[in-house]
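> Sequence and predicted model, in that order:
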Amino acid sequence: MEKDIRSKLIELARNKTPWSYSQLNEQLMLGLNFKNEHHRKYIGEILGEISMYEYNNGRPLLSALIIHKSKDREQGDGFYKLCSEIYGKQWDELKSDKDFELERMKECYSFWKDNDNYKKYKDDFK
């Protein structure tokens with residue numbers, strides 16, 4: 001499942017297209033029910049693992065491309081808590097900085113749009 005999600009996130013980055021958690025769930029037929037707290041936590045853990053793997057390999061945080069479908073269209077709190085660990089800032093401070101989330105998305109777009117990066121790293125996962 002993680003490899004499929006990562007592949008989709010790379011595709012989204014190459015197309016400069018964020019998706020909602022629901023779109024990810026529906027399009028990849030993950031069978032999650034986001035009214036269930038355990039399912040929300042589970043997808044957050046998977047996205048976090050993918051992003052930490054990318055970060056540990058010097059690449060942008062792919063989970064930046066998954067956002068809430070509500071009007072705020074921002075990443076979930078788990079994304080900011082992960083970034084807090086990485087960047088050493090308070091997660092709510094990061095969340096309040098709209099440029100921060102947009103920069104993480106732009107980093108993904110730029111990195112994965114590069115054909116050399118794509119060819120070299122698209123299959124590089126665990």
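On my side now, so go ahead.

> now the chain, which segments are flagged as low pLDDT?
When residues are selected by pLDDT under 70, those of the chain lie in 71-73.

> Let me see the ranges of the helices in it.
Taking DSSP state H as the test, the helices found in the chain are 2-14, 21-27, 37-56, 77-87, 91-96, 98-113, 115-121.

> how near is Leu94 to Arg14?
25 Å (CB to CB, to the nearest Å). From N, CA and C alone the C-beta is placed, and that goes for glycine too.

> Is Ile67 in contact with Thr17, as I believe?
No - between Ile67 and Thr17 there is no contact under CB atoms under 8 Å: 10.8 Å.

> neighbour-wise, which of those two wins?
Comparing Ile67 with Thr17 by neighbour count (other CB atoms under 10 Å), the higher total belongs to Ile67, at 20 against 12.

> So what's the residue count around Ser7?
Ser7: 14 neighbours (other CB under 10 Å).

> any idea how far it is from His38?
In this view, Ser7 and His38 are 25 Å apart by CB to CB.

> Return every residue with contacts to both of Ile67 and Thr17.
Residues touching both Ile67 and Thr17 (CB atoms under 8 Å, 6 or more residues apart in numbering): there are none.

> Nearest the geometric middle of the chain, what residue?
Closest residue to the average C-alpha location of the chain: Ser63 at 0.7 Å, with CA atoms, centre = their mean.

> Tell me which residues touch it, please.
Contact analysis of Ser63 by CB under 8 Å, 6+ apart lists Leu9, Leu47, Gly48, Ile50, Ser51, Gln75, Phe79, Leu82.

> nearest residue to it other than its sequence neighbours?
Leu47 (3.8 Å; CB to CB, 6 or more residues apart in numbering).
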